[in-house]
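Need coordinates for the below:
(one chain, ligands or ions: 1)
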Amino acid sequence: MAGTVSRGAPNIMIAGTPGTGKSTLAKELAQRSGLNYISVGEVAERADCMDGYDDELQCGILDEDKIIDELEETMSAGGNIVDYHSCEFFPERWFDIVFILRTDNTILHSRLTERGYNEKKIESNISSEIFQVIADAARESYPAEIVHELASDNADQLESNLDKILEWLALWKQQH
Ligand SMILES: Nc1ncnc2c1ncn2[C@@H]1O[C@H](COP(=O)(O)OP(=O)(O)O)[C@@H](O)[C@H]1O
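As a prediction, this is how the structure comes out:
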């Protein structure tokens, strides 16, 4: 079960549709908490954990088994903030808490346009956000009580999300 493994510091998953603000939140959280930031995409590139390329969506395909092997030791030690769009394929035991960032469709559309995504990729991501694909998959893979959705539309919400997570972290430390 998640959360029952003894670790010096918790592992936090930050998931969500591309453009919802995962890396913005996760990097700032790492700064403020001292926890270790892990961009799964960057590790996968560096450690050659990609398994082909999706031409339609114009993105690499992750070799899930390989990235799990690559991260296992670091995750077992605890104290990590993991940034990746989906999380259902990671071992349940890795995470003490899972946050799913959610963004209003119009705002998300502008962010992805600004990022230079093509129309097909934008539509695919917006539809994934509308149908809450990532949130539902997370809830199927982790205990409901550790999965939390966070609104990520504006700077105030970013601050309040950081506050909430830092509060949770302080509580975790008191209890462990
Ligand atoms: N809470 C927020 N309010 C306003 N803009 C945000 C917020 N979070 C992220 N952004 C902006 O949205 C864009 C996408 O954020 P990013 O963190 O790269 O998303 P992701 O890692 O989920 O793909 C960036 O330009 C970032 O500055």
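
Stretch 58-68 and the ligand, any residue contact?
No: applying Cβ under 6 Å from any ligand atom, one finds stretch 58-68 separated from the ligand by no less than 11.6 Å. Quick note: C-beta positions are derived from backbone N, CA and C, even for glycine.

Show me which positions of that stretch end up buried.
Under the neighbour-count criterion of 16 or more other Cβ atoms under 10 Å, stretch 58-68 has 62, 63, 67 buried.

Check stretch 121-132 too.
Result for stretch 121-132 [16+ other Cβ under 10 Å]: buried residues 121, 122, 124, 125, 126, 128, 129.

Stretch 110-122 too?
So for stretch 110-122, counting by 16+ other Cβ under 10 Å, buried means 111, 112, 117, 121, 122.

mind showing which ranges of this structure have poor pLDDT?
1-5 (pLDDT under 70).

Just the closest residue of this structure to the ligand, please.
Nearest residue of the chain to the ligand, counting by Cβ to the nearest ligand atom: residue 21, 2.6 Å away.

That residue: how many residues sit nearby?
Residue 21 is flanked by 25 other residues according to other Cβ atoms under 10 Å.

now for the longest helix anywhere in the chain, which elements pack on it?
Longest helix in the chain by number of residues, with DSSP state H as the criterion: helix 155-175. Applying 3 or more Cβ pairs under 8 Å, 6 or more residues apart in numbering; DSSP states H and E, we find helix 155-175 packed against helix 22-33, strand 97-102, strand 147-151.

Let me know the next secondary structure element after the first one.
On the C-terminal side of helix 22-33, the nearest following helix or strand under DSSP states H and E is strand 36-39.

what does this structure put close to the ligand?
Checking the chain against the ligand by Cβ under 6 Å from any ligand atom, the hits are 16, 18-24, 111, 152, 154-155, 157-158.

In PyMOL, select just the buried ones from those residues.
Buried subset of these, written as a PyMOL selection, criterion 16+ other Cβ under 10 Å:
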select buried, resi 16+18+19+20+21+22+23+111+152+157+158
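
Next, give me the two most distant ones among the residues of the chain next to the ligand.
The span of the residues of the chain next to the ligand, defined through Cβ to Cβ, is set by 18 and 155 at 19.5 Å.

Fine by me, we can end here.
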